[in-house]
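here is a sequence together with a model predicted from it:
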Amino acid sequence: MRAVLNSRLFWFIVTAIAIGLMPMIFTDSYWQTNLIVCAINVMLAVGLDFILGYAGQLNLGQSAFYGIGAYVSTLLIMKLGMPFWIAFGCGVLLSGIAGMLLSLFAVRLRGHYLAIASLGFAVITYQILLNWISLTQGPLGIYAIPPPPALQLPGLPIVDFKNLANLFYLTAGFAFLAYLLLDQLVRSPIGETLTAIREDEVSAASLGINCQAWKVFAFAVGSSVAGAAGCFYASFVGTLVPDAFFITESFTILAMVIVGGMGTLIGPVWGAILLTVLPELLRGVGDMRLIIYGVAVTLVVLFMPGGMVQAARYTTAHFRRLLASRGAGP
Amino acid sequence: MTAAALVVPGEPQSSSEGAVLFRAQGLHKSFGGVRAVRDISLAIPMGSVFAIIGPNGAGKSTLLNLMSGIYQPDAGKMLFGEVDMIGVPAHRRVRHGLARTFQKIRLFKQLSVLDNVVAGFHTHHAISAWQYILHGAAFRRDHARCRNEAASLLAFVGLEKRAQVLAGSLSYGEQRMLEIARALATGPRLLMVDEPAAGLNAAEVDTLLDRIGVLRQRGVTVVVVEHNMDLVMKVADRILVMDYGQYLFAGSPAEVQANPAVIAAYLGVDFQ
């Protein structure tokens, strides 16, 4: 039993089944919309965690990479009539390149300085989206963005992404794929290299690690994943306004990573789901929800710096002890 | 520039001592107005234990930082084997076979003892790029090899029972030994240890001396920066004495102990 619970394959199958069941449990369009937002936020959070939790680079530019992915893919589709999946590839690629460029410029910065530089990058990107009206239509926004084209595989019925459940399967599938990719990377020697950089750059260099190159790599991967999230966001919402990529979005993603538990990949997944669903559940209490949300995040940071992952480990350890003491008793 | 073009004071003139692994000539390094290293030259014979000693603030650690590439010298030449080391960044010097530990311990404190050593294999992963994403048989072999070699390195420094604890929870002496194990994981020809005995008790110092001796037998050249004279006298083949950033003397332990200038620097001129 223990072996099954510890096997990755088992949990991947459980996750796949859970993704499959979700739209059947939540059949109304309100919750299906939230499910898609969850999947998009999971991508943003695991992408940031790769940069922040593993390579240790305090990146507050995630909202910019998200926006670049969304605007690049949408403009290519709307202005040049490019097919969705090619535009998607371009959006991911350009977000990744933007991440590389930011890290190349900021390569000597660390901690707070990198945070300020990346925040500046997010502000600049937002201002460009807002003010380059001939291209982005600024605050007026871009409307009537089509959903991804229907998928027709031989021998299968046509999968139409105007259907929210199908769109959820698509975004959640990509979120799952992004998770698997990052999971494989962090369990390879690349993960060892990035954590070494996070812990101590001078030490890492003394082991032959080219810290600058690996930081660029981490930024490229993490920002590409955010770019993919942006592409899905645009085709899902159907409307693009720069405000969706304001710098507060960076802090929301940061909160997801911290609440979930940075430096683990599963933590930010739960953090993203919780911080997407929680505000919706609290809608009934009106503006009080913002206070509850803020207090909850603050409490986690103060009392559970390892986030939900730490809490889960603590609880399971506690239960194991409890069971062991029961078993030893009369 | 050839190795023969570099003449180093205090270097044994007979060629029977064998080849020189690391040479430096005329190294200078200033920080603002402080001239931390002034005109230092040295020649480290292959397979020897080479000690750099001097009072506090003599520039020993700065010299080590110049040799390992953390700083670049303002002037001077450096050759490792036949390779010019000037301008080569620290991380690339590791690939040539240079490794070091730090005076102020710089372990990855949040990682396990084993993972600290495993990180040292960074330059020795022989797997193709796609294996990082799709973990195949070669990946698993590499993974197992690194962990086995890391475990034997831990056994070498006497930490095999501590493999799974966090590096930050080790005692001071254990942390020093772990730094040595981590540096050895890079597979160095030249290992530079910066004040390895600082904070160690007598038994730990003995273990350290023994391990340095074993490394020397295995053909690793060791540079020891130290101000513990007793330790240096026991372990070193050749000694460079520095004072105020400058060359004071170089020679065998016996020559160093008998040299009036060294005695003056350490004990004061009027002591006798």
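Sure, I can see it.

and for the residue in the stretch 51-200 of chain A positioned nearest to chain B, the neighbour number?
For the stretch 51-200 of chain A, the residue closest to chain B is A:Glu199, as judged by C-beta to the nearest C-beta, at 3.7 Å. The way it works is simple: take the backbone N, C-alpha and C, and place the C-beta from them, glycine included. Using other C-beta atoms under 10 Å in any protein chain shown, A:Glu199 is surrounded by 21 other residues.

list the contacts of stretch B:247-255.
Applying C-beta atoms under 8 Å, 6 or more residues apart in numbering or on different chains, the contact partners of stretch B:247-255 are B:8-11, B:39-42, B:54, B:232-233, B:236-242, B:256, B:259, B:261-262, B:265.

would you mind writing the CA trace of it as CSV?
This file holds the C-alpha atoms of stretch B:247-255, laid out as CSV (Å, rounded to 0.1, in the frame of the first residue of the first chain):
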residue,chain,number,x,y,z
TYR,B,247,56.0,37.1,-0.1
LEU,B,248,58.0,36.5,3.0
PHE,B,249,59.7,33.1,2.5
ALA,B,250,59.1,29.8,0.8
GLY,B,251,60.7,26.4,1.5
SER,B,252,60.4,23.1,3.3
PRO,B,253,58.9,23.0,6.8
ALA,B,254,62.3,22.8,8.4
GLU,B,255,63.6,25.8,6.4
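
list the buried residues in it.
B:Tyr247, B:Leu248, B:Phe249, B:Ala250, B:Gly251, B:Pro253 (16 or more other C-beta atoms under 10 Å in any protein chain shown).

ok, now stretch B:221-238?
B:221-229, B:231-232, B:235-238.

in strands only, show me those residues.
Judged by DSSP state E, strands contain the following of the buried residues of stretch B:221-238: B:Thr221, B:Val222, B:Val223, B:Val224, B:Val225, B:Glu226, B:Arg238.

quick revisit: ignoring the adjacent residues along the chain, who's closest to the residue of the stretch 51-200 of chain A closest to chain B?
B:Phe108 (3.7 Å; C-beta to C-beta, 6 or more residues apart in numbering or on different chains).

quick one: contacts for that neighbour?
Counting by C-beta under 8 Å, 6+ apart, B:Phe108 has contacts A:Thr195, A:Ala196, A:Glu199, A:Asp200, A:Ser203, B:Asp115, B:Asn116, B:Ala119, B:Ala167.

does anything pack onto the helix or strand hosting the second one? Which helices or strands?
Following DSSP states H and E, the helix or strand that holds A:Ala196 is helix A:189-199. For helix A:189-199, the packing partners by 3 or more C-beta pairs under 8 Å, 6 or more residues apart in numbering or on different chains; DSSP states H and E come out as helix A:201-206, helix A:211-237, helix B:113-119.

nearest to B:Lys60, of those?
helix A:201-206 (17.1 Å; C-beta to C-beta).

need the residues that contact the closest one.
A:110, A:193, A:196-197, A:211, B:68, B:70, B:89-91, B:94, B:99-100, B:102, B:106-108, B:119, B:183.

and with 7 Å instead?
With contact meaning C-beta atoms under 7 Å, 6 or more residues apart in numbering or on different chains, helix A:201-206 is reached by A:Ala196, A:Ile197, A:Cys211, B:Ser68, B:Ile70, B:Ala90, B:His91, B:Val94, B:Arg100, B:Arg106, B:Phe108.

got it, and stretch B:50-61?
Contacts for stretch B:50-61 (C-beta under 7 Å, 6+ apart): B:36-37, B:44, B:63, B:103, B:194, B:223-227, B:229, B:232, B:236-245, B:265-266.

now B:Leu21. Its backbone dihedrals?
phi -90, psi -40 (degrees, to the nearest 10).

nearest spatial neighbour of the residue of chain B found nearest chain A, skipping sequence neighbours?
Relative to chain A, the nearest point of chain B is B:Val94 (3.3 Å; C-beta to the nearest C-beta). Among residues not flanking B:Val94 along the chain, A:Gly208 sits closest, at 3.3 Å (C-beta to C-beta, 6+ apart).
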